[in-house]
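# what follows is a protein structure lacking sequence information:
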């Protein structure tokens, strides 16, 4: 409550009595602010307040150490919904969204320097609906009788009508060929006041006339531009598009919304969207500044990236914490039992830990497949064989309520793909289909040949693998986002949103596509379009379904910078019957090769310090052209960025891998080595 006023004393007697704003000022307890009671206010402030309420324009004051905000009755409509409770607020609290933009100007006024801001756009609600308006503000210092600056004085003037006049100019420019003779006078008036860039250009590409906006927007006077070739101000990267547009206009076509960067007099570039209309021997052009819109788009994209990163850290951290918890718990229990001389149940716990490792590997593989950073071991793959191999695996995973139907085309073409990644993609799609049918249904996996289909790179033959469910289906908006990373309709903790993005990333990396067809209540079909294999078979896939294969003393050169993994790999290979030389770096491996140490197979990590694994393999093959190479990696890095196809007699094994997969991969390369 405001303090009681003594009888006969009115501290607001210097203000009008019939003002709604003054009534709100009377009701506010100013003693709670930095300005203190009204009787203690500086005389200069009271005089300016009285002047403000007599001024027939919207006006405000910002006064005191906290920049207390005062406004007159004409300013009330500018506040819109924030009028309620506006009295007594500070400038910053009342207009927080614009404070960063005006803070420097406020500081200049407080420092004694007046400024003027013209045609500032504001969205306001004045007649019960939101509208776009433009205003001109002046900021001046408010001084007391000793010249000390108490705050700022702002006088506003609405310039909406003048700004909207430029919209009339746009319409005039669009129909300039018809109206130029009828509206010459109006054109000249608008030409002079428009903020958009207007130009009259000869057909050979030289400026003949420009409007004054070129000076205000880019800093050029008219005499600096007349006779100048248009190419001299265009950004080099935009020249080809600009030349094409001029050629179109010379042929009589209208060019609309052509975005080009123009160099200002200070050397900086700004984006303008151009409309050009040919008329006889000249071309009329209008350029609208789109730099602000592009800056806003950049901020939006940055915000979207941050949102995606947040979903990544949340989803992946959740899954990995669960996985690590399972592994750590199993190891802890087994350790305690071994110390107690017990082994009962240890195999079950170790199997659980191994399963957790496989789930973690699957998660990282989905991440790498989505980002297309996982090198594929592309080979001549029979998709029917992959589907047939998954048949028995899928049936127990789907459960009794879901009927699995497999429809494999006869004489299916071979496809150039990665067998393990294709298998993982189909498995992902099948599990997604199962989750979409909580009350049961039918899951169909089908294959077929499609000849001469253009997916954006020209007509080509494709092998199509389709997974169809009869589940809940997806709306068009969900389908549009389904391949986005980390997008999922599942509850928190039930999915990372990487399954479909992994499938799409894998398909695109092979040169194909993944396509979704779905509707609510009608189920979903996800089709993998994979390129048909043409030519000789590519490198073999490293997975061999023949456990227990052993070597016969062949020499393996092992290069791995992780000590524990190198030691374990060496032990496994030696127990499998191989002779192993190992080192931690590519340069050390080259020294061994230079010493006439000729291995039968090279096993190397890709991400080695210094020389990476691929360059090591290339250098080794300069000495031994037929040397088989097994790449082991958890992240393909940049080593295979130039080609997704491995060289001949090469294979790749993704970390973490089982010891059987390692031994089988080495045996496969040794067995396939030419004599």
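Ah, there it is. Here the structure is a predicted model, which means the values were calculated and not measured.

# what strand or helix carries residue 103?
helix 96-110 (DSSP states H and E).

# work out for me the element residue 424 sits within.
Counting by DSSP H and E, residue 424 is part of helix 419-435.

# same question but for residue 51, I mixed them up
helix 43-54.

# which positions in that helix come out as buried?
Neighbour counts using 16 or more other Cβ atoms under 10 Å place 44-46, 48-49, 52-53 of helix 43-54 among the buried residues. Quick note: C-beta positions are derived from backbone N, CA and C, even for glycine.

# ok, now how distant is the closest residue to residue 399 other than its chain neighbours from residue 474?
With sequence-adjacent residues excluded and distances taken as Cβ to Cβ, 6 or more residues apart in numbering, residue 399 is closest to residue 434, at 7.2 Å. For residue 434, the distance to residue 474 equals 15 Å [Cβ to Cβ, to the nearest Å].

# neighbours of the residue nearest to residue 399, how many?
Residues within reach of residue 434, counting by other Cβ atoms under 10 Å, total 21.

# just checking, it touches residue 400?
No - counting by Cβ atoms under 8 Å, residue 434 does not reach residue 400; the two are 11.8 Å apart.

# low-confidence bits of the stretch 401-550 of the chain, can you list those?
Along the stretch 401-550 of the chain, the model assigns pLDDT under 70 to residues 481-499, 501-502, 535-549.

# where's residue 18 relative to residue 53, distance?
10 Å.

# which residue ranges form the strands in the stretch 501-650 of the chain?
513-518, 524-531, 555-559, 579-583, 601-605, 629-633, 650-654 (DSSP state E, counting those that start in this stretch).

# ok, the stretch 351-500 of the chain next?
379-381, 402-407, 415-417, 441-454, 459-469.

# what's the closest of the ones you listed to residue 137?
Residue 137 sits nearest to strand 441-454 of all these, at 56.9 Å, using Cβ to Cβ.

# residue 414 touches residue 380, doesn't it?
Yes - the criterion here is Cβ under 8 Å, and residue 414 meets it with residue 380 at 5.1 Å.

# where do the contact lists of these two overlap?
Residues touching both residue 414 and residue 380 (Cβ atoms under 8 Å, 6 or more residues apart in numbering): residue 533.

# what's near enough to touch residue 423?
Contacts of residue 423 by Cβ under 8 Å, 6+ apart are 386, 389-390.

# what bits of the stretch 251-400 of the chain have low per-residue confidence?
301-330, 332-333, 349, 352-379, 392-393.

# contacts for stretch 21-35, please.
With Cβ under 8 Å, 6+ apart as the criterion, stretch 21-35 contacts 1-3, 12, 15-16, 36-38, 41, 53, 63-66, 68, 70-73, 76, 87-88.

# now the end-to-end length of that stretch.
18 Å (Cα to Cα, to the nearest Å).

# list the buried residues for that stretch?
21-22, 25-26, 30, 33, 35.

# how far does that stretch sit from its chain's centre?
Centre-to-centre, stretch 21-35 and its host chain are 49 Å apart (Cα atoms, centre = their mean, to the nearest Å).

# quick one: mean pLDDT for it?
The average pLDDT within stretch 21-35 is 92.

# before we move on, what about stretch 105-120?
The model assigns stretch 105-120 a mean pLDDT of 89.

# remind me what the helix holding residue 103 packs against, helices and strands.
Helix 96-110 sits against helix 91-94, strand 115-125, strand 130-143, strand 149-158, with contacts defined as 3 or more Cβ pairs under 8 Å, 6 or more residues apart in numbering; DSSP states H and E.

# where among the ones you listed is the average confidence lowest?
Per-stretch mean pLDDT for the helices and strands packed on helix 96-110 is lowest at strand 115-125 (a mean of 77).

# pull up the pairing partners for that strand, direction included.
strand 130-143 (antiparallel) (DSSP bridges).

# pull out the buried residues from the partner strand.
Neighbour-count burial for strand 130-143, counted by 16+ other Cβ under 10 Å, picks out 133-139, 141-143.

# how about the residues you listed in TSV, adding distance to residue 155?
Putting the buried residues of strand 130-143 into TSV (distance: Cβ to Cβ, whole Å) gives the following:
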residue	distance to residue 155
133	16
134	15
135	11
136	9
137	7
138	5
139	9
141	13
142	12
143	16
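
# so who does the nearest residue to residue 47 once chain neighbours are set aside touch?
In space, and not counting its chain neighbours, residue 47 is closest to residue 14: 7.9 Å by Cβ to Cβ, 6+ apart. Residues in contact with residue 14 (Cβ under 8 Å, 6+ apart) are 46-47, 49-50.
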